[in-house]
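Participant: Just a sequence and a predicted model for now, questions to come.
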Amino acid sequence: ATIRTIVQKQSLDIVVGNGTKMHFLAISKLEHYSLCRTFVDVLQKQHPRMAQIMKKCGVLSPEGLDPIFKRFFTTLLQLEHVLRAMDIFTIDGSKFMIRLGISLLEKCRNIKYEDVNDAASWWSKVRSITHSPNFVFDDVLKRAYGFRGISKLPRQLNKRIPQRKDIDRMIHSNQKHVRKDVEDSNAAIVPTFPPIEYINGDIPSELVKPTLIRSKLAEWLPLALKSSVLELIFSTGEHGRSLEQFYSHCEKSKQTILLLEVLQTGATIGMYASDPWHVDGQVYGDGTCFLFRAMPDPVCFKWKGGGGSGPSATNADVELAIEELALVENFMTGKSSYISMGINREGGSGLRLNEDLTKGMSSYTVSFDNDPLAGENVTEFDVGLVEVYRLL
């Protein structure tokens, strides 16, 4: 069942083959805790008094925030509003849950706090507002994305909710802080997602056939894409070996997965791209990009995230921080002579392919803190089949 199907059935749990009930959104403890912590950070900055009261009632604990981050507002909003939110979520990802949650709480700022003593009673109050005849969901969405022209907001609310890129950076930064609170950062709250499906089209798919690869891709993809379907849009076996053909087939597709064979080791490695691949003088993409080795020994290297210099930082510290940030935020590079993802101080890439897609390179990068993908001490290699899939 897709997430949208589950919403339409108004079901908060689905049963998997072994009879275990799955939570509404399947994410790791690390992801869940970092989302919750980022939400709390934004709320405390925007509305410190409300955050203090919610904290006293237990609403801001990971369990207290279940209606947002596990149940995707299904216990709070009307069904038609949940479906609209889901449409935006499939494009914007987990950042949207934070923005919508903050905006929704602003709409419910007149809750009588003296009547609230725990998380359940708090969310019950919120639900009574969202299901009232006077509730306008469009106002909540507009506020979530910075449009304030619909009504005059109190001065204390006239603060812009952080931009998506800022929230993305906060989420990745918080993963470092919450990792120590999670005994096993890979331990899922629920069973691993089933293997992502692929379409059997006119061009035969090869590299995604192993179930293990598709299961791992489903595990690594951003939340909004875990229930997607793969469609092959480029294959060197069909379209030849040239970046010109690669760009012509990929430049209109956001959210793609590139897989390739390493001839020396037999490994299957790749990268997930958030933006369409195209020739550009600037780097592009965002923090959802990641590198991976699918076989053997599957491993995923997600964006490291940006740091920051402290208040007492020297000019030299600031210059180093700027240089570090430039390296960290080097996601996708598209040139006429190569494509790459990630970079290190020596100019190496996490994964780089030459103009005829026959040679590849993979090194440690600041961006993803990754091992060489092709294998230990294998930084340059010959490339076999290359396939690119878009996510539907």
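Facilitator: That came through, no problem.
Participant: which residues make contact with stretch 111-123 from outside it?
Facilitator: Residues outside stretch 111-123 that contact it (CB atoms under 8 Å, 6 or more residues apart in numbering) are 53-54, 57-59, 61, 63-64, 67, 75-76, 125-126, 129. In this view, the C-beta of every residue, glycine as well, is placed from N, C-alpha and C.
Participant: ok, the residues you listed vs residue 226, which is closest?
Facilitator: Comparing these against residue 226 with CB to CB picks out residue 67 as the nearest, at 20.1 Å.
Participant: Wait, a helix at the closest one?
Facilitator: Yes. Assessed by DSSP: H, G, I helix; E, B strand; the rest coil, residue 67 belongs to a helix.
Participant: Distance-wise, check it relative to residue 73.
Facilitator: Noted for residue 67: a distance of 7 Å to residue 73, by CB to CB, to the nearest Å.
Participant: Stretch 375-383: end-to-end distance?
Facilitator: One end of stretch 375-383 sits 14 Å from the other (CA to CA, to the nearest Å).
Participant: when you give positions from now on, start the count at 76
Facilitator: New numbering, starting at 76: the last item is stretch 450-458.
Participant: Show me what that stretch is in contact with.
Facilitator: Against stretch 450-458 from outside (CB under 8 Å, 6+ apart): 335-340, 342, 423, 428, 432-438, 447, 449.
Participant: try stretch 116-124
Facilitator: Identification of contacts with stretch 116-124 by CB under 8 Å, 6+ apart yields 125-126, 129, 135, 173, 177, 180-181, 184, 231-232, 234, 236-237, 242, 245, 249.
Participant: if you set the cut-off to 10 Å instead, what comes out?
Facilitator: For stretch 116-124, contacts defined as CB atoms under 10 Å, 6 or more residues apart in numbering pick out 125-130, 134-135, 173-174, 176-178, 180-181, 184, 188, 231-232, 234-237, 241-242, 245-246, 248-249.
Participant: Of these, which qualify as buried by neighbour count?
Facilitator: Neighbour counting by 16 or more other CB atoms under 10 Å classes 125-126, 128-129, 134-135, 173-174, 176-178, 180-181, 236-237, 242, 245-246, 248-249 among those as buried.
Participant: Just the ones in helices from these, please.
Facilitator: Using DSSP state H, the subset of these located in helices is 125-126, 128-129, 173-174, 176-178, 180-181, 242, 245-246, 248-249.
Participant: how about those, which pair is most distant?
Facilitator: Distance extremes for these: the farthest pair is 128 and 248 at 25.9 Å, using CB to CB.
Participant: if we can go back for a sec, looking at the contacts of stretch 186-198, spot the one nearest residue 379.
Facilitator: Nearest to residue 379, judged by CB to CB, of the contacts of stretch 186-198 is residue 136 at 27.5 Å.
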